[in-house]
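K.L.:
From the sequence below, what's the structure:
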Amino acid sequence: MTDEESARTHAASHSVSLERGLSILDAFTGDRSVLGIADLARAVGLNKSTTHRYVATLTSLQYLQQDPETKKYFLGPRAVDLGFAAIDSMELTRVTGPLLQALADETGFTISVAVADGPDVVYVDRRRSSRRTSLAMDLNLHVGSRLPAYCTSMGKVLLAYRDPATLRQILDRTDMARRGPKTITNREQLLAALAKVRQTGIAVNDEELAPGLRSFSAPVRDRSGEVVAAINVAVYLTMAPTTVEALAGRLEAPLRRTAAEISRRLGYRPPA
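P.N.:
Below is the predicted model:
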């Protein structure tokens, strides 16, 4: 098939309307979850009347909903259902559940798994301890929650194993604003921290995301050896008022063991 014939075949099978509708859904992000017609028109490069037609269709199908007071739009139940269906279908989440729950019960803390999405991490599984103790906590996060990668332990893991060119592109798009009392806001210091993650296999977050919050994270690898996710245990200082070193001594071994077992079930075999 010639290039011209290939182009014609692609054009015949390509739906511009579908592409535009999906681009409107893509415009809704964690920090831009409520948008008006003008916002959406700018985001997708269409005029307002055309954008309104697509938005009306998506709203009638419940992929979008409209706030009756502000007249702005947000993702509807059909879009949310698709997101959860995608997460549920991931091989990763099919194997993490029992292992995360076992680690949560062993440590008494909440355990999470996240994957990378550009400069963010997205939570794909999260388990709380079934032990009814004072160690149980709620970070007000859930499956589908997003956080910036640079100031989270799982984010550091996922950044640390990116190739240099991709990492540079991600950091160029990252606003390293201060989020907690110890947030790393200097790019060179963050790169040094990522190098330490690659050396030790563990990322530590010491009040970088929020005051009083510490977390430890380890990488999860697939059958090719690529780091595809990160697992973490998060601890509030009020629940464990001790040093980072003491917490690491208690939590790193079971965290590494669980990350290794998830990786094994995904087909990863460490080099001999």
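
K.L.:
which residues sit against the helix or strand containing A260?
P.N.:
Assigned by DSSP states H and E, A260 belongs to helix 244-265. Helix 244-265 has contacts (Cβ atoms under 8 Å, 6 or more residues apart in numbering) with 92, 95-96, 99-100, 102-103, 106-107, 109, 111, 113, 201-202, 204, 206, 214, 216-222, 229, 231-233, 235, 240. C-beta coordinates here come from the backbone N, C-alpha and C atoms, glycine included.

K.L.:
Got a quick PyMOL command for the buried subset of these?
P.N.:
Buried members of the contacts of helix 244-265, defined by 16 or more other Cβ atoms under 10 Å, are picked up in PyMOL with:
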select buried, resi 92+95+96+99+100+103+106+107+109+111+113+201+202+204+206+214+216+217+218+219+220+221+229+231+232+233+235+240
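
K.L.:
Would you state the helices of this structure in chain order?
P.N.:
3-13, 16-26, 37-44, 48-60, 77-89, 91-107, 153-160, 164-172, 187-200, 244-265 (DSSP state H).

K.L.:
can I get these in JSON lines with distance to D67 and mean pLDDT?
P.N.:
JSON lines is the format used below for the helices of the chain (distance: least, Cβ to Cβ, whole Å; pLDDT from 0 to 100):
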{"stretch": "helix 3-13", "distance to D67": "37", "mean pLDDT": "49"}
{"stretch": "helix 16-26", "distance to D67": "16", "mean pLDDT": "87"}
{"stretch": "helix 37-44", "distance to D67": "13", "mean pLDDT": "92"}
{"stretch": "helix 48-60", "distance to D67": "11", "mean pLDDT": "92"}
{"stretch": "helix 77-89", "distance to D67": "15", "mean pLDDT": "69"}
{"stretch": "helix 91-107", "distance to D67": "32", "mean pLDDT": "88"}
{"stretch": "helix 153-160", "distance to D67": "31", "mean pLDDT": "96"}
{"stretch": "helix 164-172", "distance to D67": "33", "mean pLDDT": "91"}
{"stretch": "helix 187-200", "distance to D67": "38", "mean pLDDT": "95"}
{"stretch": "helix 244-265", "distance to D67": "40", "mean pLDDT": "91"}
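
K.L.:
if we can go back for a sec, can I get the helix holding A260 in CSV? Just the C-alpha atoms.
P.N.:
C-alpha atoms of helix 244-265 as CSV (Å, rounded to 0.1, in the frame of the first residue of the first chain):
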residue,chain,number,x,y,z
VAL,A,244,12.3,8.8,60.0
GLU,A,245,15.1,6.3,60.6
ALA,A,246,13.1,4.4,63.2
LEU,A,247,10.1,4.3,61.0
ALA,A,248,12.2,3.1,58.1
GLY,A,249,13.7,0.3,60.2
ARG,A,250,10.2,-0.9,61.0
LEU,A,251,8.4,-0.4,57.6
GLU,A,252,11.0,-0.8,54.8
ALA,A,253,11.3,-4.6,55.0
PRO,A,254,7.6,-5.5,54.7
LEU,A,255,7.2,-2.7,52.1
ARG,A,256,10.0,-4.1,49.9
ARG,A,257,8.7,-7.6,50.4
THR,A,258,5.2,-6.7,49.2
ALA,A,259,6.5,-4.7,46.2
ALA,A,260,8.7,-7.6,45.2
GLU,A,261,5.7,-10.0,45.5
ILE,A,262,3.5,-7.8,43.4
SER,A,263,6.3,-7.5,40.8
ARG,A,264,6.7,-11.3,40.8
ARG,A,265,3.0,-11.8,40.1
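
K.L.:
Please point out which parts of it sit buried.
P.N.:
Per 16+ other Cβ under 10 Å, helix 244-265 contains these buried residues: 247-248, 250-252, 255-256, 258-263.
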